[in-house]
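Engineer: sequence plus the predicted model coming up.
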Protein chains: 2
Amino acid sequence: MNYTKDLRRVLMGPGPSDVDPRILAAMARPTIGHLDPDFVQLLNEIRADLQYVFQTKNQLTLAMSGTGMAGMETCIANLIEPGDPMLVCINGAFGGRMADIAGRYGAEVDQLETEWGKVFDPDQIRKALIKKPAKIVGIVHAETSTGAHQPIEEISKIVHEHGALLIVDTVTSLAGTKVAVDEWRIDACYSGTQKCLSCPPGLAPVTFSEAAVRKLENRKTKVQSWYLDLSMIRQYWDSERLYHHTAPINMNYALHEALRLVREEGLEKRWQRHLRHHRMLRAGLEAIGIRYVAQEGHQLPMLNAVGVPDGVDDALVRKQLLGEFQIEIGGGLGIFKGKVWRIGLMGAASTERNVMLFLGALEKCLKDHGYRFTAGASIAAASDAGGK
Amino acid sequence: MNYTKDLRRVLMGPGPSDVDPRILAAMARPTIGHLDPDFVQLLNEIRADLQYVFQTKNQLTLAMSGTGMAGMETCIANLIEPGDPMLVCINGAFGGRMADIAGRYGAEVDQLETEWGKVFDPDQIRKALIKKPAKIVGIVHAETSTGAHQPIEEISKIVHEHGALLIVDTVTSLAGTKVAVDEWRIDACYSGTQKCLSCPPGLAPVTFSEAAVRKLENRKTKVQSWYLDLSMIRQYWDSERLYHHTAPINMNYALHEALRLVREEGLEKRWQRHLRHHRMLRAGLEAIGIRYVAQEGHQLPMLNAVGVPDGVDDALVRKQLLGEFQIEIGGGLGIFKGKVWRIGLMGAASTERNVMLFLGALEKCLKDHGYRFTAGASIAAASDAGGK
């Protein structure tokens, strides 16, 4: 890597997002041991702050030593025993991954699918559970591949009426929009550090309800993954401090500082900030004829998935945005490859400045690629929307 | 965590080890995307540098997004299919873990045990394989719980004569003493970043031989862990750059810089440095009557496991070393708990200054705790040994 180059990207893709300099500075502090009393204290503070962002009192709340996908695998690995029936709701790439992982851990997976970009109606879940009961239901709150924002509360009621446990993916939503683990009765919830927490990738916050802990404690088989086995890892995070693996010390410094920044801003204000800049961006994009792919009324504030305009080359525009403006946005995944752009406004990257910079830069790139704007279209629509 | 405290510990435990300021500075660079052309270039450089430290031409050489134990699980998860017979050699805590993990992945595990602190004789492996053939043999090169240094070359010949593949744990040895993956014909080898690479914990370097890759490619079942599935992860590290999970960007900056430091010093000089300071430390410890627990002639240079002198309280001495001198050393694991100290001289911590500082500090602590020194004992023996 060429260290002399200016690598101050503006990270407006699906993650990682821009990292606050305070977090980078915290990460560069001298490494200490994973059993050092000062590090143990830091873990206690991280737990308390994670309880705050997850809005939970769950004792089993911690940061797994891997990225967001390790969080997904942790929830499945610890709650599934071979033969357990699991209902997985799929409306994008990450629901599909959940089904794949559940199958590897021996679950009898029942896939409930709906169109990419749509959210699930609670009745769909009810019917599926009546047709085939499940012990575990998995669903994605913020589908990073489509930008769909799935309501959880009603579905959670139905899942619990049917005696199942609920796993929810909040990798992209946590700290960027409301996630209320206790209020919504989520049993296992996971996230990543590199989205709305605006920390570098490398840790996966996870929280388990009492019911989920009981399922874990009553397992008849060992958790299939040793590295992700919460029955051992909790003994390190709890007062025993039993050595399991060497925690990524400096990554935990970073997460600790990222969580402090969330506390300082306040969770609700942070959610509002994400919503405000999403509205600005949407107004600007729609003014130039660009459309969201997620269902109306269910669009994520931090992940704006929009259709690539007809006749415009997806990859060329992204390359120009990166080369000319140092702006990174994401391309489409799976069936959306080449057809969708994913524009992130996450954590420290969710600013008015970034919205304006991006809209101006995109307009320039689209003009260069021969895109015909609607008469009178203007990104000024964005600033009008900011006050809404 | 109290950020105003001086947390400049001297890390002389079993890892993490002291981190060079250049590495900490690299880690604090602005985060960029995991598909950014500059990051992709950095991964290519990391691969080339890992090939150098592993002394291998293996194409499948990369850093897993987890700590050293994730490296152990990666090798087992990718090479074991349910029902595969595996011989695991156990002479300490980490061999025991290998057996545990292999069982979780469905291996029919045969445990070959020898006393903690001893190394295996090649004939023991030969007899075990004649008695019960195995597809995979697992052994620890540097047993971090005992300080035993296991010769690999002869055992590798026997393993291959019996048609098995060899997995070797080099978490503690890599970059601190000779590890020669190609010359020794190791099929799967894993390490951690926080030992002799002197990088913060968070990544696990792994390398697979062509024979191991063939076993992976010919699997009839999916790898049980999605997060550690090399059949997918290699597509991200290879030219396809297929998204699997978001790599821990800043941890990779750190590893990249740590590997540069190894290149600058030169691998053989680095091995010699570790050996030199080990000899100094050993001379000093033995002069005051402290004995190594690992078999004579098979003591690791970077991990010095010694018996806690009779009548001395293990925990009190370690607490004083940390409180009064900011020196961290490790206690014993498993059957060695309370009976053994583990003194690391790894990477940036392997210096003459640290040897002298530690010996002086230990002498003070032992005196405070009423330890009776042999007449004429002196840590000056340490400096005499440096030149050997």
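Structural biologist: Arrived safely, thanks for sending.
Engineer: contacts and neighbour counts: CA atoms only from here.
Structural biologist: Fine.
Engineer: residue numbers of the stretch 101-250 of chain A in contact with chain B?
Structural biologist: A:101, A:104-105, A:200-202, A:222-227, A:245-250 (CA under 8 Å from any CA of the partner chain).
Engineer: of the residues you listed, grab the buried ones for PyMOL.
Structural biologist: A single PyMOL command selects the buried members of these (16 or more other CA atoms under 10 Å in any protein chain shown):
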select buried, chain A and resi 101+104+105+200+201+202+222+223+224+225+226+227+245+246+247+248+249+250
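Engineer: with only the CA atoms kept, save stretch A:60-67 in CSV.
Structural biologist: Extracted in CSV, the C-alpha atoms of stretch A:60-67 (Å, rounded to 0.1, in the frame of the first residue of the first chain):
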residue,chain,number,x,y,z
LEU,A,60,-25.2,-11.7,28.1
THR,A,61,-24.2,-8.7,26.0
LEU,A,62,-20.7,-8.5,24.6
ALA,A,63,-18.6,-8.0,21.5
MET,A,64,-17.6,-11.1,19.6
SER,A,65,-14.0,-11.2,18.2
GLY,A,66,-15.0,-11.2,14.6
THR,A,67,-16.9,-9.0,12.1
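Engineer: strands of the stretch 101-250 of chain A, start to end?
Structural biologist: Listed in chain order, the strands of the stretch 101-250 of chain A (DSSP state E, counting those that start in this stretch) span A:108-113, A:136-140, A:142-143, A:148-149, A:165-169, A:188-190, A:204-208.
Engineer: average pLDDT for the third one?
Structural biologist: When you say that, I think you mean strand A:142-143. Strand A:142-143 shows a mean pLDDT of 98.
Engineer: tell me the strands beside that strand, with direction?
Structural biologist: Take DSSP bridges as the rule and strand A:142-143 pairs in its sheet with strand A:148-149 (antiparallel).
Engineer: then the longest one?
Structural biologist: Sheet pairing for strand A:108-113, assigned by DSSP bridges, gives strand A:85-90 (parallel).
Engineer: gap between the nearest residue to residue A:314 once chain neighbours are set aside and residue A:317?
Structural biologist: In space, and not counting its chain neighbours, residue A:314 is closest to residue A:338: 5.6 Å by CA to CA, 6 or more residues apart in numbering or on different chains. Distance, residue A:338 to residue A:317, using CA to CA, to the nearest Å: 11 Å.
Engineer: residue A:334 too?
Structural biologist: Distance from residue A:334 to residue A:317, by CA to CA: 19 Å.
Engineer: out of the strands of the stretch 101-250 of chain A, nearest to residue B:365?
Structural biologist: Smallest distance to residue B:365 across these (CA to CA): 40.1 Å, for strand A:204-208.
Engineer: by contact count, what packs against that closest one?
Structural biologist: strand A:60-64, helix A:68-79, strand A:188-190 (3 or more CA pairs under 8 Å, 6 or more residues apart in numbering or on different chains; DSSP states H and E).
Engineer: make TSV from the ones you listed and add mean pLDDT and distance to residue B:214 to it.
Structural biologist: Listed next are the helices and strands packed on strand A:204-208 as TSV, based on pLDDT from 0 to 100; distance: least, CA to CA, whole Å:
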stretch	mean pLDDT	distance to residue B:214
strand A:60-64	98	31
helix A:68-79	98	26
strand A:188-190	98	35
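Engineer: quick one: mean pLDDT over the longest helix seen in chain A.
Structural biologist: Across chain A, the longest stretch assigned as helix under DSSP state H is helix A:267-287. Per-region confidence: helix A:267-287 scores 97 on mean pLDDT.
Engineer: can the very next helix or strand once past that helix be said to contact chain B?
Structural biologist: Next in sequence after helix A:267-287, counting helices and strands by DSSP states H and E, comes strand A:303-307. No. For strand A:303-307, no contact with chain B is found by CA under 8 Å from any CA; the gap never falls below 15.5 Å.
Engineer: which parts of the following helix or strand past strand A:303-307 are buried?
Structural biologist: The C-terminal neighbour of strand A:303-307 among helices and strands, as given by DSSP H and E, is helix A:314-325. Buried residues in helix A:314-325, counting neighbours by 16+ other CA under 10 Å, are found at A:314, A:317, A:318, A:319, A:320, A:321, A:322.
Engineer: the next helix or strand after helix A:314-325: partners in the sheet, and parallel or antiparallel?
Structural biologist: Once helix A:314-325 ends, the next helix or strand along the chain (criterion: DSSP H and E) is strand A:327-328. In the sheet, strand A:327-328 lines up against strand A:10-11 (parallel) (DSSP bridges).
Engineer: from the chain's centre, how far out does the partner strand sit?
Structural biologist: 17 Å (CA atoms, centre = their mean, to the nearest Å).
Engineer: right, and the helix or strand after that strand?
Structural biologist: Using DSSP H and E, the next helix or strand after strand A:10-11 towards the C-terminus is helix A:21-27.
Engineer: what comes up buried for that following helix?
Structural biologist: Buried residues in helix A:21-27, counted by 16+ other CA under 10 Å: A:23, A:24, A:25, A:26, A:27.
Engineer: next: stretch A:296-310.
Structural biologist: For stretch A:296-310, burial by neighbour count (16+ other CA under 10 Å) applies to A:298, A:299, A:300, A:301, A:302, A:303, A:304, A:305, A:306, A:307, A:308, A:309.
Engineer: who's in contact with that stretch?
Structural biologist: Under the criterion CA atoms under 8 Å, 6 or more residues apart in numbering or on different chains, residues A:14, A:119, A:142, A:144-150, A:172-173, A:176-177, A:196, A:274-275, A:277-279, A:290-294, A:314, A:338-346, A:350, A:371 lie in contact with stretch A:296-310.
Engineer: quick check: PyMOL command selecting the buried ones in the residues you listed.
Structural biologist: Only the buried members of the contacts of stretch A:296-310 enter the following PyMOL selection, criterion being 16+ other CA under 10 Å:
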select buried, chain A and resi 14+119+142+144+145+146+147+148+149+150+172+173+176+177+196+274+275+277+278+279+290+291+292+293+294+314+338+339+340+341+342+343+344+345+346+350
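Engineer: in chain A, where is pLDDT below threshold?
Structural biologist: Applying pLDDT under 70 to chain A flags the ranges A:1-7, A:374-381, A:383-388.
Engineer: residue A:220 - how many residues pack around it?
Structural biologist: Residues near residue A:220, counting by other CA atoms under 10 Å in any protein chain shown, number 10.
Engineer: please name the nearest non-neighbouring residue to it.
Structural biologist: That would be residue A:81: by CA to CA, 6+ apart, it lies 8.0 Å from residue A:220.
Engineer: residues near the one you found, how many?
Structural biologist: 22.
Engineer: swap in the one 3 residues further on?
Structural biologist: Each residue near residue A:84 was counted by other CA under 10 Å, and the total is 17.
Engineer: so it sits against residue A:105, correct?
Structural biologist: No. With contact defined as CA atoms under 8 Å, residue A:84 does not reach residue A:105; the gap is 9.5 Å.
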